[in-house]
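Q: Next one to model:
(chains A and B)
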Amino acid sequence: MTADGAALAAPGREAWRMFFRNKAAVAGLFLLIGVIVMTYIGPFFYTEDPSDIVARPLKGPGAEDVPLLGTDYLGRDVLAGVINGGSTSLRVAAVAALLIVFIGLTVGSLSGFYGGRIDSALMRFTELFQVLPALLFSLVVVALFEPRPLTISIAIGVVLWPQLARITRAEFLRLKNQEFVKAAKAIGASDLRIILRVILPNALPPIIVATTLVMGSAILFEAALAFLGLGDANNVSWGLSIGLNRANFLTSWWTVTFPGLAIFVTVLSFSLIGDGLQDAFNPKLRGR
Amino acid sequence: MARIAQSLGLILAVIVLNFSLIQLTPGDPAVVIAGESGAGDPALLAEIRADYGLDEPFVNQLGSYVGRVVQGDLGESFFFNRSVVSLILDRLWPTILLVGAALLMAIVFGVLVGVFTARRPENPVSHFATVMALVGFSMPVFWTGLLLIILFASVVQWLPIGGMRDVQFDGGLIASWVDVARHLVLPAFTLGFLYIAQYSRLSRASMLEVLQSDFVRTARAKGLTERVVVYKHALRNAVIPVVTVAGLQFGSLLSGALVVETVFNWPGLGRLAYDSVLRRDAPVLLGVLLISAVLVVVANLLTDIVYRLIDPRIRVGG
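A: Here you go, the predicted model:
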């Protein structure tokens, strides 16, 4: 194991150096840190309650006695909504991503490691989830059960795992016949140990890239569900603000533009980081 | 044939999944049905259960559900008292029109940009395409739609805000097509936007590869003009990966259509699904889910056929 670890560390360090030299990736990292600071530290500095009515409704930015980014259809502070709207989105997306990684890794590793009938059965199962339009299936799940944060995370998790399962499977297929795996088998390591301790650590880079990108998709899904009125109505979120203000968006662009910008920046940060990791850990794909 | 059998298997699996979702849903359907007629005493509930076969074992219920669905019976809408199938048929064409237009636009523009950037790699357009792919992926579709409406229907009033036809429309057949096309532009662009950039990157990569290959060199050596080499010999090969990916992305296009139809009031399946959620109309919602899965399966089969037309070397197994 130590030998594997040492062999891994060297290219790993080189990859990180490449990652930090990639301007787009570093920009993504800063954007993400910015979003996290705004969401979790911002409320201590900008203490306006996002559900309080602070001024006349639908007043644009720059009008007199109006908060910086204007007010929404009820007269609530748009800026306070943007600052406080992120925690729900990020939490729901993070829980969904955990679920996606768990299902994806389980299905992908079993499928790739055992092959044969287990593989074809699991791949059929994966295909089933790939023919269902993902957002529609999430919508059905949330609509039939209740729109609570955990239900929403599950609804997003159960539709977005196939990609991760396929990537994990491909890595396991690539690695399972290599020397170090044969060596582990020869000394009598159990299947579970080989999967978790021998193959998985070596399969991690593409899995981490896919997880970063899937965080972006999960945030987009959460926002779309909230926009369609299937979010958690008890907490402010970016998607929910846009959905609620839809009736007046033509005359008051600020009510939908700023929350949308927040979603865009958050997803963009994950895309940039994901692309940077991809380039760093798989230099063969560079320049595509 | 093997492909078709496999597809039918997938559809059957979706039907079973649909049924399981109904079963998993909290709440007793007999109480719901009784609630609609305004009463709920135990005798009536037992009668309803017997009428609808709700007292039978799970496997029998599943069997009769699959039987009904296969015969084209998706049940009745709770809200409209109409069969789900007729509701869906009304909404099917607008969605196919929207998704088809978005896909066609994405492939045509994507490949054009891809070919252009492959031949002039250092052109600013190439870098712009890379940036747009990233931006397109990160923008929530509904937000893109709302911004486009603000821009093109409000700031400059070139295009309609939403819907599929003008409410006061009155004119001939051709004029009505033009009317629908005018309404189609913004939603189709909103939906296709993300894919244009993606496909341009894909076709650029494969174009660069193809232009290096031996048969292109042969074609050039024969003295064919650059135009013939690029558009007749190389393009055909550069389109293949785009078609593959486009076929695989049909499901995500339908997901996008769900949001786009809601934003633009486009009377398609996505809008129907959204309205059904608001009306708590579960049979319609599950019907839309099933039909969408069927559409995805059909799209995948069509992709195989298009493949064969573009590249005669590919033989579909079976």
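
Q: For the residue nearest the centre of chain A, give me its contacts.
A: For chain A, the residue nearest the mean C-alpha position is A:Met215 (0.8 Å; CA atoms, centre = their mean). If you count contacts by CB atoms under 8 Å, 6 or more residues apart in numbering or on different chains, A:Met215 has them with A:Ala93, A:Ala94, A:Ala97, A:Phe270. Every residue, glycine included, has its C-beta placed from N, CA and C.

Q: Centroid-wise, who is the farthest residue in chain B?
A: In chain B, the greatest distance from the average C-alpha position (CA atoms, centre = their mean) is reached by B:Ala43, at 45.7 Å.

Q: Tell me how far that residue lies from B:Ala50.
A: For B:Ala43, the distance to B:Ala50 (CB to CB, to the nearest Å) stands at 11 Å.

Q: Check B:Gly63 too.
A: 17 Å.

Q: Tell me how far the closest residue to chain B within the stretch 1-150 of chain A lies from B:Ser276.
A: Of all residues in the stretch 1-150 of chain A, A:Leu135 sits closest to chain B, at 3.5 Å by CB to the nearest CB. Going from A:Leu135 to B:Ser276 by CB to CB gives 15 Å.

Q: Now B:Leu194. Nearest residue, chain neighbours left out?
A: In space, and not counting its chain neighbours, B:Leu194 is closest to B:Gly136: 3.9 Å by CB to CB, 6 or more residues apart in numbering or on different chains.

Q: what residues does the stretch 51-200 of chain A put near chain B?
A: Contacts of the stretch 51-200 of chain A with chain B, taken as CB under 8 Å from any CB of the partner chain, map to A:124, A:127-128, A:130-137, A:139-141, A:143-145.

Q: ChimeraX command for the buried members of these?
A: Buried subset of those, written as a ChimeraX selection, criterion 16 or more other CB atoms under 10 Å in any protein chain shown:
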select /A:127,128,130,131,132,133,134,135,136,137,139,140,141,143,144,145
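
Q: For the residue nearest the centre of chain B, give me its contacts.
A: Centre of chain B computed as the mean C-alpha position; nearest residue by CA atoms, centre = their mean is B:Leu254, 2.9 Å away. By CB under 8 Å, 6+ apart, the contact list for B:Leu254 reads A:Pro133, A:Leu136, B:Thr95, B:Val99, B:Leu269, B:Gly270, B:Ser292, B:Leu295, B:Val296.

Q: Ok, B:Gly100 next?
A: Contacts of B:Gly100 (CB under 8 Å, 6+ apart): none.

Q: Tell me which helix or strand it sits in.
A: Taking DSSP states H and E as the criterion, B:Gly100 maps to helix B:84-119.

Q: After that helix, which helix or strand is next?
A: Following helix B:84-119 toward the C-terminus (DSSP H and E): helix B:124-138.

Q: Contacts for the next helix or strand after that next one, please.
A: Using DSSP H and E, the next helix or strand after helix B:124-138 towards the C-terminus is helix B:141-149. Here helix B:141-149 makes contact (CB under 8 Å, 6+ apart) with A:223-224, A:227, A:242, A:246, A:249-250, A:256-257, A:260, A:263-264, B:161-162, B:186-187, B:189-191, B:193-194, B:256, B:259-260, B:262-264.

Q: Mind jotting down where the helices sit in the stretch 201-318 of chain B?
A: Under the criterion DSSP state H, counting those that start in this stretch, the stretch 201-318 of chain B contains helices at B:214-221, B:226-228, B:235-248, B:250-264, B:269-278, B:282-310.

Q: I meant chain A, not that one.
A: Taking DSSP state H as the criterion, chain A carries its helices at A:2-21, A:23-40, A:42-45, A:78-114, A:116-131, A:134-144, A:149-160, A:162-175, A:179-186, A:191-193, A:200-227, A:238-244, A:254-281.

Q: mind showing which ranges of the stretch 101-250 of chain B have poor pLDDT?
A: Under the criterion pLDDT under 70, the flagged ranges of the stretch 101-250 of chain B are B:121, B:167-169.

Q: In it, what residue comes closest to chain A?
A: Taking CB to the nearest CB, the stretch 101-250 of chain B has B:Trp143 as its residue nearest chain A, at 3.5 Å.

Q: Measure how buried that residue is and give me the count.
A: By other CB atoms under 10 Å in any protein chain shown, the residues close to B:Trp143 number 26.

Q: can you tell me how far it sits from B:Val155?
A: Noted for B:Trp143: a distance of 16 Å to B:Val155, by CB to CB.

Q: A:Phe145 now?
A: 41 Å.

Q: quick one on the thing from earlier: of all pairs in the contacts of A:Met215, which one spans the longest distance?
A: Maximum pairwise distance in the contacts of A:Met215, criterion CB to CB, is 11.3 Å, between A:Ala94 and A:Phe270.

Q: Comparing those two, which residue is more hemmed in?
A: A:Phe270 (27 against 14).

Q: That one contacts A:Ala210, correct?
A: No: here A:Phe270 does not reach A:Ala210: they are 11.4 Å apart, not a contact under CB atoms under 8 Å.

Q: Contact partners for the residue in the stretch 151-300 of chain B that chain A sits nearest to?
A: Of all residues in the stretch 151-300 of chain B, B:Ser255 sits closest to chain A, at 3.5 Å by CB to the nearest CB. Taking CB under 8 Å, 6+ apart, we find B:Ser255 in contact with A:Pro133, A:Ala134, A:Leu135, A:Leu136.

Q: From B:Ile196, how far out is A:Val54?
A: Counting by CB to CB, the gap from A:Val54 to B:Ile196 is 41 Å.

Q: These two: who's more crowded?
A: B:Ile196 (24 against 17).

Q: residues contacting B:Met164?
A: By CB under 8 Å, 6+ apart, B:Met164 lies in contact with B:Pro94, B:Val180, B:His183, B:Leu184, B:Trp266, B:Pro267.

Q: Nice, that's everything, thank you.
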